[in-house]
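> Compute the structure for the input listed below.
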Amino acid sequence: MTAGGFCKLPNGTVVVALNLPSPAADGSTGVRVLVHAQNRARALTRLRNLGMRAIYLRGNAAPPTPDEITAVLHHPDGLIWRTSPDSAVGVAVGPPELWHPIRSLLHRHAPARA
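Residues are numbered from 1 along each chain as shown. Model (predicted):
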């Protein structure tokens with residue numbers, strides 16, 4: 001089960017945040033994905049269309065923070081990710097990781113073609 005949540009914006013759109021396990025099966029840290037869409041169903045459909053089939057939003061335990069909302073609203077695709085801050089071991093040193101476009105996550109973990 002993944003933690004996640006959403007926030008409805010004044011214009012009627014939503015920002016959905018999901019904490020997902022790493023796409024790599026090596027036990028590495030998970031990722032936090034943010035999606036901006038017209039509604040929650042469309043946000044989840046956007047992720048499913050990218051190949052993330054088992055994505056569900058149950059509850060609102062980990063809604064996006066104001067900084068996360070700002071980040072996804074300023075990205076042209078409205079779909080970004082970074083490693084989960086709560087999955088890091090120890091105390092964070094230095095600035096937090098920057099947000100990445102979702103295609104960089106998908107290309108990083110795509111299987112090699114022969």
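> Tell me how far the residue lying closest to residue 61 once chain neighbours are set aside lies from residue 59.
Among residues not flanking residue 61 along the chain, residue 3 sits closest, at 5.2 Å (CB to CB, 6 or more residues apart in numbering). The C-beta positions use only the backbone N, C-alpha and C, and glycine is treated the same way. Taking CB to CB, to the nearest Å as the measure, residue 3 and residue 59 are separated by 8 Å.
> about what we covered before: for the residue nearest to residue 61, list the residues it contacts.
Neighbour list for residue 3: 18, 19, 61, 62 [criterion: CB atoms under 8 Å, 6 or more residues apart in numbering].
> burial measure for residue 76, as a count.
6 (other CB atoms under 10 Å).
> what's near enough to touch it?
Neighbours of residue 76 in contact, by CB under 8 Å, 6+ apart: none.
> So which residues make contact with the helix of greatest length in the chain?
Taking DSSP state H as the criterion, the chain has its longest helix at helix 40-49. The contact list for helix 40-49 (CB under 8 Å, 6+ apart) reads 6, 14-16, 18, 33, 35-37, 55-57, 79.
> again, only this time at 7 Å
The contact list for helix 40-49 (CB atoms under 7 Å, 6 or more residues apart in numbering) reads 6, 14, 16, 33, 35, 37, 55, 57, 79.
> Considering those, which is situated nearest to residue 101?
residue 79 (7.3 Å; CB to CB).
> in the sheet, who's paired with the closest one?
residue 35 (DSSP bridges).
> shouldn't it be in contact with residue 18?
No. Under the criterion of CB atoms under 7 Å, residue 79 is not in contact with residue 18, lying 11.2 Å apart.
> Comparing the two, which shows the higher neighbour count?
residue 18 (26 against 21).
> and the more buried one, what does it touch?
Contacts here follow CB under 7 Å, 6+ apart; on that basis residue 18 touches 2, 4, 33, 55, 57.
> Show me what the second one bridges to in the sheet.
So that's residue 4. On the basis of DSSP bridges, residue 4 is bridged to residue 18.
> May I ask which two of the contacts of residue 3 are separated the most?
Checking the contacts of residue 3 with CB to CB, the most distant pair is 18 and 61, at 10.8 Å.
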